[in-house]
Every structure is written in structure tokens, then in C-alpha cells.
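# Prediction below, plus the sequence it came from.
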Amino acid sequence: NHPQIAGGSHLPDITVITPVFHDGSIIFFVASRGHHADIGGIAPGSMPPHSQYLEQEGACIVAFKLVKNGKFQEQGITDILMAPGKIPGSSGTRNLRDNLSDLRAQVAANNSGIRLLADLVQEYSFAVVQSYMAFIQQNAEKSVRSMLKDFAIEHGGRAHAIDHLDDGSPIELTVDIDKKTGNATFDFTGTGPQVLGNINAPPAVTYSAVIYCLRSMVAQDIPLNQGCLAPIEFRIPKYSLLNPSEDAGVVGGNVLTSQRVVDVVLKAFKVCAASQ
């Protein structure tokens with residue numbers, strides 16, 4: 001769940017990832033992300049309004065093997081979830097029983113996904129399933145490239161927008177599009193510096209906001225997937241509001257700053273008035 005090191009969003013969102021094996025080799029990964037009601041920190045609910053550092057927002061997990069040799073590692077994850085209590089003014093998780101139940105549910109969800117994938121592979125063969133997973137991503141990439149090229153032809157190869165958070169922090173975006181290939185650079189240079197608060201947002205939040213906007217602007221009915229970002233290069237200045245240091249507070253950025261990033265992207269592409 002660590003926002004900067006492990007690709008998380010904010011600490012209450014814990015992701016459980018499980019490999020899928022076929023003939024002794026890993027062929028896929030399944031994952032489930034769940035928002036936990038409390039994982040410790042300085043305030044109940046692990047969404048403190050005045051946190052300034054990540055450690056104040058709850059338990060940080062970079063990587064932990066949750067199931068080992070078929071056994072759920074209850075003691076190990078309990079130690080991690082209770083660790084924030086060692087920080088003055090902070091607490092470990094206030095509802096350990098629910099955390100453990102929810103994590104077991106996430107493991108169960110992954111196991112269901114594994115069974116379903118195994119059924120697909122058995123019915124259609126691994127080669128066919130893998131091919132169609134690639135086709136889905138390639139189709140998404142083609143759809144986004146087509147949308148970007150159409151925009152560039154109509155409005156030019158550069159789009160720009162800026163908006164601000166309630167504290168005045170700017171979020172600025174310049175999009176440069178190659179009219180021939182549909183490649184695009186999303187450059188957030190000009191965005192304000194990280195703040196001593198919790199409205200910072202890790203890069204994963206910006207990626208999510210952009211992929212949401214791209215999917216919304218594509219005319220075709222396609223499933224949301226990583227192929228949508230294949231044509232995109234991101235430039236997010238380090239130590240900015242959208243790429244803060246590893247210890248920066250981010251719990252508010254996941255729910256507030258993320259929406260303003262969406263506003264800025266839609267504004268740049270002239271498809272929607274911000275938040276209206």
C-alpha cells in the first residue's frame with residue numbers, strides 16, 4: 001500500500017497480488033485492492049485531515065508475503081498493522097479483526113480469479129487466452145491513438161490547462177501530441193511543490209486520473225486496461241504535488257487532488273468545464 005515505493009494510492013487501500021501458475025510457470029497475476037476502514041495513524045478511519053507525514057496516516061506496507069505454504073500469515077500482518085502505535089501520538093489499527101477478515105476476503109477473491117482463469121485456459125488453451133489479453137490491450141491502444149490524432153488535427157498538436165486546489169496550489173498540464181503516430185507527452189511541469197500536508201498525490205493517482213480521462217474521451221466501447229496508456233509518456237516533476245517524497249502525507253490527495261487532475265486533463269482537451 002505504500003504510495004511512492006509500492007505503487008499505492010493512499011494507505012487504507014491495500015492490494016493483494018497472487019500469481020497464477022500453469023504447468024509450473026507463472027502465466028498471470030490476479031489482484032484485489034480493498035479500502036480498509038482503519039489501519040492506524042493519528043485519527044480513527046486513517047483519513048486524518050491534518051496529517052503532514054505518511055507515517056501519521058497508518059501502517060505502511062512495501063511488500064509482505066501474506067500467504068506462505070498455504071497458510072495465512074496472521075501474526076506477521078498483525079505486527080505490521082499494529083506498528084504505527086510505536087509512533088508518538090499515533091495508534092495501531094483500531095479494528096484488527098476486520099482488517100484480517102477483509103484481507104482473507106481479498107485472498108479468497110484472488111483465488112476465485114485464479115480458478116476462473118484456469119477454466120479459461122483449460123477451455124481455450126493458454127495461447128488463445130494470452131493472445132486475447134494482448135488483443136484487448138492493443139485495441140485500447142489503437143483507440144486512444146486514434147482519439148489523440150483526431151484531437152491534434154482539429155485543435156493542434158499542443159493542449160494546455162491549469163487549475164488550482166483550494167489552497168492555491170497549481171496543477172498545470174501541457175500535452176504534446178504527434179499527429180502521425182498518436183503518441184503524446186503529458187507534462188505536469190508547472191505544478192506546485194509538495195506541501196506539508198496531505199493533499200500530495202503519488203504518481204499512481206495521476207496515472208489513474210489520466211487513464212480515466214482517456215477512456216472517457218474514446219468513442220469506442222472498450223474495457224478499461226493498460227493499453228490505454230501505451231501511447232502516453234508522463235513527465236511529473238519530482239517533489240511536486242503529484243510526485244512527492246516518500247514520507248509525504250497523501251491521504252487527502254487520493255480523494256481531492258485526483259479530482260482536480262481530472263479537471264485539468266478534461267479542460268486541456270476542451271471536453272468539459274472543470275467539475276461542472
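Nice, I can see it.
# how about the strands in the stretch 51-200 of the chain?
Using DSSP state E, counting those that start in this stretch, the strands of the stretch 51-200 of the chain run over 67-68, 71-72, 158-164, 170-177, 184-187.
# Asn254: which of the ones you listed is closest?
Of all the strands of the stretch 51-200 of the chain, the one in closest proximity to Asn254, counting by C-beta to C-beta, is strand 170-177 (14.6 Å). For the C-beta atoms, the positions are set from N, CA and C on the backbone; glycine is no exception.
# Can you tell me the centre-most residue of the protein?
In the chain, the residue lying closest to the centroid (C-alpha atoms, centre = their mean) is Ala204, at 4.1 Å.
# Can you give me every residue that contacts Leu11?
Contact analysis of Leu11 by C-beta atoms under 8 Å, 6 or more residues apart in numbering lists Asn1, His2, Pro3, Ile39, Gly41, Ser46, Leu54, Glu57, Gly58, Ala59, Cys60, Val251.
# nope, Phe126 is what I was after
Residues near Phe126 by C-beta under 8 Å, 6+ apart: His22, Ile27.
# do you know how far it is from Leu116?
Distance of Phe126 to Leu116, given as C-beta to C-beta, to the nearest Å: 14 Å.
# any chance you could map the helices in the stretch 101-250 of the chain?
126-155, 203-217 (DSSP state H, counting those that start in this stretch).
# To Ile162, which of the ones you listed lies closest?
helix 203-217 (15.0 Å).
# what's in contact with the closest one?
By C-beta under 8 Å, 6+ apart, the residues outside helix 203-217 that reach it are 3, 7-9, 144, 147, 186, 188, 222, 224, 226, 228-229, 232, 234, 236, 242-243, 250, 253-254, 257-258, 261-262, 265-266, 269, 271.
# before we move on, what about stretch 65-73?
Contacts to stretch 65-73, defined as C-beta under 8 Å, 6+ apart, come from residues Val16, Thr18, Phe64, Gly76, Ile77, Leu103, Arg104, Val107.
# pLDDT weak spots in the stretch 151-276 of the chain?
Counting by pLDDT under 70, the stretch 151-276 of the chain has low-confidence residues at 273-276.
# Give the pairing partners of the helix or strand containing Phe29; include direction for each.
Using DSSP states H and E, Phe29 sits within strand 25-35. Strand pairing for strand 25-35, using DSSP bridges, gives strand 13-22 (antiparallel).
# Can you give the distance from stretch 88-105 to the centre of its chain?
The chain centre lies 22 Å from the centre of stretch 88-105; the measure is C-alpha atoms, centre = their mean, to the nearest Å.
# Can you check the distance spanned by it, start to finish?
Stretch 88-105 has an end-to-end distance of 32 Å (C-alpha to C-alpha, to the nearest Å).
# What are the contacting residues of it?
So stretch 88-105 is contacted by 14, 16, 34, 36-42, 44, 55-56, 58-59, 66, 72, 74, 77-78, 81-85 (C-beta under 8 Å, 6+ apart).
# change it to 6 Å
Contact with stretch 88-105 is made by Gly34, His36, Asp38, Ile39, Gly40, Gly41, Ile42, Pro44, Leu81, Met82, Pro84, Gly85, as judged by C-beta atoms under 6 Å, 6 or more residues apart in numbering.
# For the strand holding Phe29, what is the distance to the chain centroid?
Using C-alpha atoms, centre = their mean, the offset of strand 25-35 from its chain centre is 14 Å.
# what about burial for the contacts of helix 203-217, which qualify?
Among the contacts of helix 203-217, the ones that count as buried by 16 or more other C-beta atoms under 10 Å are 3, 8-9, 144, 147, 186, 188, 222, 228-229, 232, 234, 236, 242-243, 250, 253-254, 257-258, 261-262, 265-266, 269.
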